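Student: sequence first, predicted coordinates after that:
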There are 2 protein chains.
Amino acid sequence: MLDIALLGTGGMMPMPSRFLTAMMGRLNGRLLLIDCGEGTQVTLKTLGWGFKAIDVICFTHYHADHISGLPGMLLTIGNSGRIEPLTLIGPTGLKKIVEGIMCIAPEIPFPIEYIEIDESTKEPICINGFCINGLVVDHTIKCIAYRIDIKRKGRFDIKKAEKLNIPRKMWSVLQKEGKVYIDGNIITDSMVMGEERKGISVSYCTDSRPVRTIPEFIKNSDLFICEGMYGENEKKQKAVENKHMLFSEAGKLASLGNVKELWLTHFSPSLSEPSLFVDNAKCIFENTIVGQDRMCKTLYFEDK
Amino acid sequence: MLDIALLGTGGMMPMPSRFLTAMMGRLNGRLLLIDCGEGTQVTLKTLGWGFKAIDVICFTHYHADHISGLPGMLLTIGNSGRIEPLTLIGPTGLKKIVEGIMCIAPEIPFPIEYIEIDESTKEPICINGFCINGLVVDHTIKCIAYRIDIKRKGRFDIKKAEKLNIPRKMWSVLQKEGKVYIDGNIITDSMVMGEERKGISVSYCTDSRPVRTIPEFIKNSDLFICEGMYGENEKKQKAVENKHMLFSEAGKLASLGNVKELWLTHFSPSLSEPSLFVDNAKCIFENTIVGQDRMCKTLYFEDK
């Protein structure tokens, strides 16, 4: 199972009643964070999932409201006792940007690893069970949408195991380590496992216009977290100019992508009651929910 | 009169119940800010003093908890409509640090002016009535304590004005502009004003050990805002190692400096109830107050 928390729902600037948009995933006790604006560490502290297990932080882009909390976050992760490396992922320019802003927090007690992604990146980045894919989307600066897939192995086929004369006591080792040796012969898990089963997928897109490639990228996601900077359809021109989306445009993407559930987030500071406009998305994609700070959901494998 | 607000009272990291330490002064509608950590713009938003009138931001030093909120703050000031220059003041290295962290907020719609201060800086920097003095104190990196003086002119001497045959209708112009011309002769305000009267002074010191030069620097301040990272006297060794102060050490400085009032701030995240330890300062300096987020005070000229 995968726990998801929407740490904040604001866009542009942090507000007394709304933290900046960021998302956290928790899998087997390990944490993945997407975006880290001013105050993200504070809302995470309230949520209570801890700091030490954050293995990876992905950035959609390098506007202040999505990254300015990084120096403080890394210091707090350091204070939590982490010494293991932490991976940062983001569009081209990541290392330069991070080294620029980290001049105010030069002493971090763990190594930082950088992975920059662009249009040419095809393979997912897999870290502690999180398989991370990126898609270049359309904002005022280079921006990435993310898809996190949690893979699920096939079933263990007892008949195959018995046919291969694998002792029962070695079954769990084989599943865990992927191979065992019997009488000098190697047995791999692929010899006794069925086909990979459907996993769990969460997609996250902010800040962007609704480009054509998004529906295929988010296809069949269990949860799609998407920006909805403006609730009113009348703000289309503003959305186009500022390279953001309307609620209705997010709903359209969710529908085209055949996702199970849509959470709206990244609301304009002027949008004090986003729920007033949710019908603009719901009339296109029924299962739309207006995001709230620290809204959580646990996603399970299908036949649990 | 001068309004003072303590925007936050936390040290090291922002907390759900405590913003990071920063101070704001308001004089004739103009604003001065000292320090700008992660979340300072949020607590200022709650306070409601606005963003557009911030003419100067002073930094004690460049640790993340004192400056990481700057990119977001400058963006928000820009969104408030400001186009006039804004002055940043801080220890040597200011421009380089600010240019480093501003890579995530490159488009600020007003010019930024930099003033770097060090041991050799003797003259105060006066901006819109705020006369700013700095003192190098003792932290793990170069750090400055500030003293803000609000000057008060002498009384207008009617007898002198009459003796000089200055027409009554020119009295206010003379006081406001500092000079008038009568029959081709220049009359300056110094010819009709009494001696400068006592003004208002506020001092601010965080993060530092209690060095010998502080009492003279803060001498006779109406308000002294000082760090008290640790409440318990038993934490002296920790305070020495981390270059911070105990409540009792702040009280000692306030007493030696003969200030009117002491506000404690910059509490360790582990210090959840600072008021439990206030007596450690009060037994040395009676008029000690434990700071709270957005605590305000209006300071008046003496004979108002």
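Tutor: Structure's in. What do you need? On a predicted model such as this, the values are computed, not experimentally measured, just so you know. Residues are numbered from 1 along each chain as shown, chains lettered A, B, ... in the order given.

Student: next up, the contacts around the residue in the stretch 201-304 of chain A that chain B sits nearest to.
Tutor: Ranked by CB to the nearest CB, the top residue of the stretch 201-304 of chain A for proximity to chain B is residue A:269, at 8.7 Å. The C-beta positions use only the backbone N, C-alpha and C, and glycine is treated the same way. Counting by CB atoms under 8 Å, 6 or more residues apart in numbering or on different chains, residue A:269 makes contact with A:10, A:11, A:12, A:13, A:15.

Student: residue contacts, the fourth one?
Tutor: Residues in contact with residue A:13, defined by CB under 8 Å, 6+ apart, are A:20, A:65, A:269, B:41, B:72, B:75, B:76, B:79.

Student: out of the contacts of residue A:269, which is most surrounded?
Tutor: residue A:11 (27 neighbours; other CB atoms under 10 Å in any protein chain shown).

Student: that one and residue A:207 touch, don't they?
Tutor: Yes. Using CB atoms under 8 Å, residue A:11 makes contact with residue A:207 at a distance of 7.2 Å.

Student: ok, residue A:148 to chain B distance?
Tutor: Distance of residue A:148 to chain B, given as CB to the nearest CB, to the nearest Å: 24 Å.

Student: actually residue A:101, not the one I typed
Tutor: Separation of residue A:101 from chain B (CB to the nearest CB) stands at 5 Å.

Student: ok so that residue is a helix residue?
Tutor: Yes. Checked against DSSP: H, G, I helix; E, B strand; the rest coil, residue A:101 lies within a helix.

Student: pLDDT value on it, please?
Tutor: Looking at residue A:101, its pLDDT is 97.

Student: before we move on, what about residue A:304?
Tutor: With respect to pLDDT, residue A:304 has a value of 49.

Student: please apply the same query to residue A:173.
Tutor: For residue A:173, pLDDT reads 89.

Student: what does the one 4 residues further on give?
Tutor: Per-residue confidence (pLDDT) for residue A:177: 87.

Student: and it, how close does it get to chain B?
Tutor: From residue A:177 over to chain B the distance is 40 Å, taken as CB to the nearest CB.

Student: about what we covered before: got phi/psi on the residue of the stretch 201-304 of chain A closest to chain B?
Tutor: Dihedral pair for residue A:269: phi -60, psi -30, per degrees, to the nearest 10.

Student: can you give me the helices in chain A?
Tutor: Along chain A, the stretches classed as helices by DSSP state H are A:40-47, A:64-67, A:70-79, A:94-101, A:158-163, A:171-177, A:214-218, A:236-242, A:247-256, A:279-282.

Student: pull the residues that contact the fifth one.
Tutor: Okay, so that is helix A:158-163. By CB under 8 Å, 6+ apart, helix A:158-163 touches A:171, A:174, A:191, A:192.

Student: point out where the stretch 201-304 of chain A drops to low pLDDT.
Tutor: For the stretch 201-304 of chain A, the stretches with pLDDT under 70 are A:304.

Student: which bits of the stretch 51-200 of chain A sit near chain B?
Tutor: Contacts of the stretch 51-200 of chain A with chain B, taken as CB under 8 Å from any CB of the partner chain, map to A:62-65, A:67-69, A:71-72, A:75-76, A:79, A:96-97, A:100-101, A:103-105.

Student: at 6 Å instead, please
Tutor: With CB under 6 Å from any CB of the partner chain as the criterion, the stretch 51-200 of chain A meets chain B at residues A:62, A:64, A:67-68, A:71-72, A:75-76, A:97, A:100-101, A:103-105.

Student: make JSON lines out of those and add neighbour count.
Tutor: Below are these laid out as JSON lines (neighbours: other CB atoms under 10 Å in any protein chain shown):
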{"residue": "A:62", "neighbour count": "24"}
{"residue": "A:64", "neighbour count": "27"}
{"residue": "A:67", "neighbour count": "29"}
{"residue": "A:68", "neighbour count": "30"}
{"residue": "A:71", "neighbour count": "25"}
{"residue": "A:72", "neighbour count": "28"}
{"residue": "A:75", "neighbour count": "24"}
{"residue": "A:76", "neighbour count": "23"}
{"residue": "A:97", "neighbour count": "20"}
{"residue": "A:100", "neighbour count": "16"}
{"residue": "A:101", "neighbour count": "24"}
{"residue": "A:103", "neighbour count": "18"}
{"residue": "A:104", "neighbour count": "22"}
{"residue": "A:105", "neighbour count": "20"}
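
Student: quick one: the residue located most distally from the centre of chain A from residue B:3, how far?
Tutor: If you look at how far each residue of chain A sits from its centre, by CA atoms, centre = their mean, the farthest one is residue A:183, at 43.9 Å. The spacing between residue A:183 and residue B:3, counted by CB to CB, to the nearest Å, is 84 Å.

Student: so who does residue A:138 touch?
Tutor: A:208, A:209, A:211 (CB atoms under 6 Å, 6 or more residues apart in numbering or on different chains).

Student: among those residues, name the buried ones.
Tutor: A:208, A:209 (16 or more other CB atoms under 10 Å in any protein chain shown).

Student: going by distance to residue B:54, which of the contacts of residue A:138 wins?
Tutor: Residue B:54 lies nearest to residue A:208 out of the contacts of residue A:138, by CB to CB, at 32.1 Å.
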